[in-house]
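only geometry, no sequence info:
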């Protein structure tokens, strides 16, 4: 509830933040009820891909449908972290495109609009037949964090893989610092054999930027490579911190000096005790998106369910 509370405060305490109640029947079925009228209201439902992700999706779908049949004028799903975003293409025979499935069921439930942040693949917007705002980026929050904690004259921004080069280049340009890139070579699928650094990091603070930190294996290997090439400090800034499996152990044992994740996802309990992990707040960006989307209507209804950051 922390992220939703922060968004509400920045919007100005809109009607209905506590209006959704989620309970569970003895057989495990979810039940979501609305405690306030949403007739002709502009409804924004905040839900993210936190654990357990399937329950979070089901709660969101029920809440959307409940608002639809309660005559809401427009229903916007605010999903700071879009679930199943890594399953965005058919990368092998008989593989599902689950991100497309999520898009379909959101529309079927009655969703009129989606707001999300840092989609893993921007083409996911094309899976929808309704407006999708993916113009929310953690980039501004990352840049503010970097400027507040580090001197830009000693800085180099690093992408841990080729896929994130565009994101890293945008941040480097705005900070007026150098850019470096790590190229991963694989002799066996899903197993990195070596990392090749393109760029100079010697005697600099290396800032790794990425969209997702899951098991953190890539970040750990990247930090080791950067330190071997003379980086003085190594910090990773990531939008969505899943931090699953052995991620905390990997971070603690790695050459990373700090991992900073945004609060699009709540910090897992096992990660809260790690001294290397910090959080940055993206609620100002989300609140402003809601305010602009509402376009000056008479009131805004913001609902939150589940375990929102």
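Done, it's in. The structure displayed is predicted, hence computed values, not measured ones.

Would you pull up how far the host helix or strand of residue 9 lies from the middle of the chain?
According to DSSP states H and E, residue 9 maps onto helix 2-11. Mean C-alpha position of helix 2-11 versus that of the full chain (C-alpha atoms, centre = their mean, to the nearest Å) differs by 16 Å.

now stretch 229-238
Worked out by C-alpha atoms, centre = their mean, stretch 229-238 lies 22 Å from the chain centre.

what do you get for stretch 75-90?
9 Å.

still on that earlier bit, buried stuff in the helix holding residue 9?
Within helix 2-11, the residues that count as buried by 16 or more other C-beta atoms under 10 Å are 3, 4, 6, 7, 8, 10, 11. From N, CA and C alone the C-beta is placed, and that goes for glycine too.

Just the pLDDT at the second one, thanks.
At residue 4, the predicted lDDT confidence score is 83.

TSV for the buried residues of helix 2-11, including distance to residue 26?
Below are these laid out as TSV (distance: C-beta to C-beta, whole Å):
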residue	distance to residue 26
3	30
4	28
6	34
7	33
8	32
10	39
11	37
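
Which two among those residues are spaced furthest apart?
Within the buried residues of helix 2-11, two members stand farthest from each other by C-beta to C-beta: 3 and 11, at 12.6 Å.

and the chain, what are its domains?
The chain breaks down into these domains under automatic domain parsing: 2-137+284-304, 139-281.

What average pLDDT does the shortest one get?
Spelled out, it's domain 139-281. 91.

First-to-last residue distance for it?
Using C-alpha to C-alpha, to the nearest Å, one end of domain 139-281 lies 12 Å from the other.

gap between that domain and the chain center?
15 Å.

gap between stretch 119-126 and the chain center?
13 Å.

Can you measure across it, start residue to end residue?
12 Å.

Which strands and helices lie in contact with the top helix by length along the chain?
Using DSSP state H, we find that the single longest helix of the chain is helix 53-69. With contacts taken as 3 or more C-beta pairs under 8 Å, 6 or more residues apart in numbering; DSSP states H and E, helix 53-69 sits against strand 30-34, strand 42-46, strand 74-79, helix 98-109.
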